[in-house]
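Engineer: Give me the fold of what follows.
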Amino acid sequence: MSDLVDRYVAAVVKDVPPALREDAERRLRAVIAQRLAVGGSADEEAERRVLAEFGDPAELALDYGGANRCLIGPGLYGRARTRTSG
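Structural biologist: Below is the predicted model of the structure:
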């Protein structure tokens, strides 16, 4: 695969927990390769189209067990609520 795919995959897996990165990278590359094969072309335009279908790498990372994206997580919610309740 091209440098474009390599950079996209790297952008996704950087937001995946370390223990899951290798598996997430392997699975993502397999799905990308499969979609390119179905499309019948692996040129740069086809790669751009396939990657655009996946969308934002940070959002995709959430599907692979990426970090929870909340300002105050469940572990801190009770304390934060108590301190801001005046």
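
Engineer: and the closest residue to Gly39 other than its chain neighbours, what helix or strand is that in?
Structural biologist: In space, and not counting its chain neighbours, Gly39 is closest to Ala46: 5.4 Å by C-beta to C-beta, 6 or more residues apart in numbering. Quick note: C-beta positions are derived from backbone N, CA and C, even for glycine. Using DSSP states H and E, Ala46 sits within helix 44-54.

Engineer: average pLDDT for the following helix or strand past that helix?
Structural biologist: If you walk from helix 44-54 toward the C-terminus, the next helix or strand you reach (DSSP H and E) is helix 57-63. For helix 57-63, the mean pLDDT works out to 89.

Engineer: Need the contact partners of stretch 9-27.
Structural biologist: Residues outside stretch 9-27 that contact it (C-beta atoms under 8 Å, 6 or more residues apart in numbering): Leu28, Arg29, Ile32, Pro57, Ala58, Leu60, Ala61, Leu62, Tyr64, Gly65, Gly66, Ala67.

Engineer: got a markdown table for those residues, with neighbour count and distance to Leu51 too?
Structural biologist: Putting the contacts of stretch 9-27 into a markdown table (neighbours: other C-beta atoms under 10 Å; distance: C-beta to C-beta, whole Å) gives the following:
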| residue | neighbour count | distance to Leu51 |
| --- | --- | --- |
| Leu28 | 22 | 10 |
| Arg29 | 15 | 12 |
| Ile32 | 20 | 7 |
| Pro57 | 19 | 9 |
| Ala58 | 14 | 14 |
| Leu60 | 21 | 10 |
| Ala61 | 23 | 14 |
| Leu62 | 15 | 17 |
| Tyr64 | 18 | 15 |
| Gly65 | 15 | 20 |
| Gly66 | 20 | 17 |
| Ala67 | 12 | 22 |
